[in-house]
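Undergrad: What follows is a protein structure lacking sequence information:
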């Protein structure tokens, strides 16, 4: 909108020198501009799909299988990453139902966590949705671009304050991102904030928003990237019969940074610390029970390269949910190995639980410092499906050399609809400076008619005496933008287990200037030209 006015104003004292009047003019221009929040939301979980059992409309809200969060909730599970023909784009629909936020699934997207607990990426990186809009371009170790007085020397605490302030003032002033393309433009790469910094963004959002407010967010595919590195996504929960051959097991994605140029070889490893594990017992048949195609993988930029998992044979396996490891190994010159824990469901198992942490890695500033993780267990695959029994938590051995005491607030937690939490405390003792991984094990017997064993694993990392802020080489590829409606926001600040949930009311849109994003933009005075 442009407004221009003019008016002839009579002189008072000027008349003494022969002046009668002068034309005074004024003009102003107002424009709806991006003003995205420093929030990046996963587009998919368990891409590339398809889902294994959640395959008909209306879809179940089941994040253990393929979902597209920027389709309607009723159709989010249909198709694959590359085939969206059966999915329907979300729209504004009815106003928020505060009692039942998911009450309009034919119009809005699935209710999902966008900040905090539950918003973690598929490859387990330490990210919970909070991005550093002022640090972009991660093509290589020296390509970063900085904006709004942020520099390469800005400390992690100062950066946290700068980025959360963009929520406080109502949105980021720019410069705006370019329209997303595929493969991604390096200028659409944005730095992430560590998971345990997300509380600052949640607190800022609590001061500004309430459920029902509509916000503009960035969208990323679902995995965090590093320089130079590759990422192995999760295939979701793999479902197998107790006996039989499963030709199509599932699929996963392997992606890379611009600076990575190697091949990645995939291998399946047993959970050897579970004597009931079907791969340990041989009831999941074969030294490697899965075939990966292709293998080795040439990872793709952005969304990555799809890998099919096929040809699994089970023979008299006991029903339950078990853990396996997918090992991704990069050849020379990287010689990097990554381990992704996955879940396999044998036979019919109705009641499961979801295990999340407030961060997947934390910093111990000095050797000997103590760090904490907040762990939450929630009913799954449906929040109303009561797991029914306590789950035992432990840390697998061997643990890193020199570690001090490892304690839980409670070693048993019963999953619930809204999630029950406890803390894991690790004293770093005399551990060596560097990064150390701990494997968290959660196992319990569910409350099915015939009780079934359920086990999940999670990797947690402690950075001991890091020389710089952890995650400084990590980023997400921005593949689009969308407007979301907030469904839940915490009422108490500084609670590490808090999260903010929302659902999409627009599809993901590549161009931040697209008129369909207007509901999430802010009208501001801008230059006339």
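TA: Perfect, I can see it now. Since we're looking at a predicted model, the values are computed, not measured.

Undergrad: just the strands in the stretch 151-300 of the chain please.
TA: 189-192, 214-220, 225-226, 230-232, 238-240, 244-256, 264-270, 291-293 (DSSP state E, counting those that start in this stretch).

Undergrad: Just say which of these is most tucked in.
TA: Mean neighbours per residue, mean count of other C-beta atoms under 10 Å, is largest over the strands of the stretch 151-300 of the chain for strand 230-232, with a mean of 26. C-betas here are computed from N, CA, C, even on glycine.

Undergrad: circling back: quick check: which of the strands of the stretch 151-300 of the chain is nearest to residue 305?
TA: Closest of the strands of the stretch 151-300 of the chain to residue 305 is strand 244-256, at 5.3 Å (criterion: C-beta to C-beta).

Undergrad: what mean pLDDT does the closest one have?
TA: Strand 244-256 carries an average pLDDT of 96.

Undergrad: Same check on stretch 224-236?
TA: For stretch 224-236, mean pLDDT is 91.

Undergrad: now it: how far from the chain's centre is it?
TA: From the chain centre to the centre of stretch 224-236 is a distance of 12 Å (C-alpha atoms, centre = their mean, to the nearest Å).

Undergrad: Stretch 332-340 now?
TA: Mean C-alpha position of stretch 332-340 versus that of the full chain (C-alpha atoms, centre = their mean) differs by 23 Å.

Undergrad: repeat for stretch 235-242
TA: Chain-centre distance of stretch 235-242: 22 Å, with C-alpha atoms, centre = their mean.

Undergrad: can you check stretch 4-12 too?
TA: 57 Å.

Undergrad: Let me have the strands of the stretch 151-300 of the chain in a markdown table, extended by distance to residue 102.
TA: Formatted as a markdown table, those follow (distance: least, C-beta to C-beta, whole Å):
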| stretch | distance to residue 102 |
| --- | --- |
| strand 189-192 | 28 |
| strand 214-220 | 17 |
| strand 225-226 | 31 |
| strand 230-232 | 30 |
| strand 238-240 | 24 |
| strand 244-256 | 26 |
| strand 264-270 | 36 |
| strand 291-293 | 36 |
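
Undergrad: Looking at those, which is nearest to residue 108?
TA: The closest of the strands of the stretch 151-300 of the chain to residue 108 is strand 214-220. By C-beta to C-beta, the value is 11.2 Å.

Undergrad: got a list of what residue 85 touches?
TA: The contact partners of residue 85, taken as C-beta atoms under 8 Å, 6 or more residues apart in numbering, are residue 79.

Undergrad: Before we go further, it is sitting in a strand, right?
TA: No. The assignment for residue 85 (DSSP: H, G, I helix; E, B strand; the rest coil) gives coil, which keeps it out of a strand.

Undergrad: in this protein, which ranges drop under the pLDDT threshold?
TA: Confidence mapping of the chain against pLDDT under 70 gives the ranges 32-34, 467-472, 494-497, 524.

Undergrad: Is residue 519 in contact with residue 91, as I believe?
TA: No. Residue 519 is beyond contact range of residue 91, at 10.7 Å (criterion: C-beta atoms under 8 Å).

Undergrad: Ends of stretch 190-203, what's the gap?
TA: With C-alpha to C-alpha, to the nearest Å as the measure, stretch 190-203 spans 22 Å from end to end.

Undergrad: Could you give the backbone dihedrals for residue 13?
TA: The phi/psi pair for residue 13 (degrees, to the nearest 10) reads phi -80, psi -20.

Undergrad: Distance check, it against residue 19.
TA: The gap separating residue 13 from residue 19 is 9 Å, by C-beta to C-beta, to the nearest Å.

Undergrad: Of these two, which one has the most company?
TA: Looking at residue 13 and residue 19 with other C-beta atoms under 10 Å, you find the greater number of neighbours at residue 19, namely 12 against 7.

Undergrad: and the more buried one, how far is that from residue 25?
TA: On the measure of C-beta to C-beta, residue 19 and residue 25 end up 17 Å apart.

Undergrad: got it, and residue 435?
TA: Distance from residue 435 to residue 25, by C-beta to C-beta: 63 Å.

Undergrad: Show me which of the two is the more surrounded one.
TA: Neighbours per residue, other C-beta under 10 Å: of residue 435 and residue 25, the larger number sits with residue 435, 13 against 8.

Undergrad: residues touching residue 252, list them.
TA: Residues counted as contacts of residue 252 (C-beta under 8 Å, 6+ apart) are 48, 232-235, 306-307, 309, 326.
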